[in-house]
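Undergrad: after the sequence you'll find the predicted model.
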Amino acid sequence: MRVTFDTNTLDPVTQPELAGAMRDECTAIHESLKSKRLQGFFCETVVTVEGGVGSHRSEVEEERVARVKRALDLGMRILNVPRNGCVRIDDSSGELYAMDADEGALAARLERFESIAAAIEARGLGYAHMLKVARFSPSDMKKVARAVAEWADGDSLAAHHGYANDLFCTEDRAVKAGRDSVMHPAQRGWLKRAYGVEFVSIAELAAAVR
């Protein structure tokens with residue numbers, strides 16, 4: 001089973017001993033990843049997009065590097081976002097990114113990504129939030145940070161669909177962001193109907209692997 005992990009699930013799944021009330025569920029997922037019963041993935045936006053706005057950036061960067069290292073050490077691989085202008089992570093070893101089986105698989109992945117990414121943006125979601133950034137003043141850094149987060153969420157979902165993964169594991173239900181977020185239940189319903197994206201929480205994924 002191929003599972004894409006949202007940023008908010010990486011820490012508890014890679015450090016189940018620190019997951020509090022979700023410790024048992026996260027331990028089950030952790031062990032399934034170690035045994036290769038689950039194939040885990042996360043989007044490169046965790047490295048290339050998130051955490052780039054606001055104060056305490058050095059602390060954020062340290063946390064992000066540690067998070068990514070734990071995920072890679074657990075056997076997870078990175079999903080590429082084929083968006084023009086995006087920076088690709090240096091992978092000279094060829095071991096960090098999820099691999100396409102052949103040129104045909106690559107072409108199909110790119111087509112799936114472009115299709116869902118365009119649809120997400122057409123609904124004013126994901127990267128579409130970044131198109132509004134030019135209108136924000138320096139005092140609107142919270143809005144900029146939110147736009148960056150929505151961009152990362154949209155591209156993560158598009159990459160997930162592009163690679164044809166089975167489940168998208170997240171704890172984000174856009175309680176504060178509302179319907180303008182691609183993670184809102186209404187938008188989740190659309191993504192499932194239109195593209196077959198299956199969302200699961202940590203608890204739901206743990207139940208599936210037990």
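TA: In hand now; what should we look at?
Undergrad: for H184, the count of nearby residues, please.
TA: 18 (other C-beta atoms under 10 Å). Backbone N, C-alpha and C define where each C-beta goes, glycine included.
Undergrad: swap in A21?
TA: 7.
Undergrad: need the per-residue pLDDT for it.
TA: In this model, A21 is scored at 97, pLDDT.
Undergrad: quick check, it in a helix?
TA: Yes. Membership of A21 in a helix is supported by DSSP: H, G, I helix; E, B strand; the rest coil.
Undergrad: quick one: residues contacting it.
TA: For A21, the contact set (C-beta atoms under 8 Å, 6 or more residues apart in numbering) is empty.
Undergrad: quick one: name whatever helix or strand follows the longest helix seen in the chain.
TA: Once the chain is assigned using DSSP state H, the helix that runs over the most residues is helix 141-162. Of the helices and strands lying after helix 141-162 in sequence (DSSP states H and E), the nearest is strand 167-169.
Undergrad: which positions in that next one come out as buried?
TA: L167, F168, C169 (16 or more other C-beta atoms under 10 Å).
Undergrad: okay, now the sheet partners of that strand, with direction.
TA: strand 2-5 (parallel), strand 199-200 (parallel) (DSSP bridges).
Undergrad: and the ones you listed as TSV, adding mean pLDDT and mean neighbour count?
TA: Converted to TSV, those look like this (pLDDT from 0 to 100; neighbours: other C-beta atoms under 10 Å):
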stretch	mean pLDDT	mean neighbour count
strand 2-5	98	24
strand 199-200	98	18
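Undergrad: so which of the ones you listed comes closest to V68?
TA: With C-beta to C-beta as the measure, strand 2-5 is the member of these nearest V68 (11.5 Å).
Undergrad: mind listing residues that contact the next helix or strand after that closest one?
TA: Using DSSP H and E, the helix or strand that follows strand 2-5 towards the C-terminus is helix 7-14. The contact list for helix 7-14 (C-beta under 8 Å, 6+ apart) reads 5, 18-19, 22, 26, 29-30, 33, 40, 42, 46, 50, 67, 70-71, 74, 152, 156, 169-172, 202.
Undergrad: now do the buried residues in helix 7-14.
TA: So helix 7-14, judged by 16+ other C-beta under 10 Å, has buried residues T7, T9, L10, D11, P12, V13, T14.
Undergrad: what mean pLDDT does the longest helix of the chain have?
TA: 91.
Undergrad: mind checking how far it is from the chain centre?
TA: 8 Å (C-alpha atoms, centre = their mean, to the nearest Å).
Undergrad: give me the buried positions along that helix.
TA: Quick answer for helix 141-162 (16+ other C-beta under 10 Å): 144, 146-162.
Undergrad: return the member of the buried residues of strand 167-169 nearest to R88.
TA: For those, the nearest to R88 is F168 (22.0 Å; C-beta to C-beta).
Undergrad: on that earlier part again, turn the strands paired with strand 167-169 into TSV, columns for distance to R109.
TA: Compiled in TSV, the strands paired with strand 167-169 are given as follows (distance: least, C-beta to C-beta, whole Å):
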stretch	distance to R109
strand 2-5	13
strand 199-200	20
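Undergrad: mind checking which of the ones you listed is nearest A98?
TA: strand 2-5 (8.8 Å).
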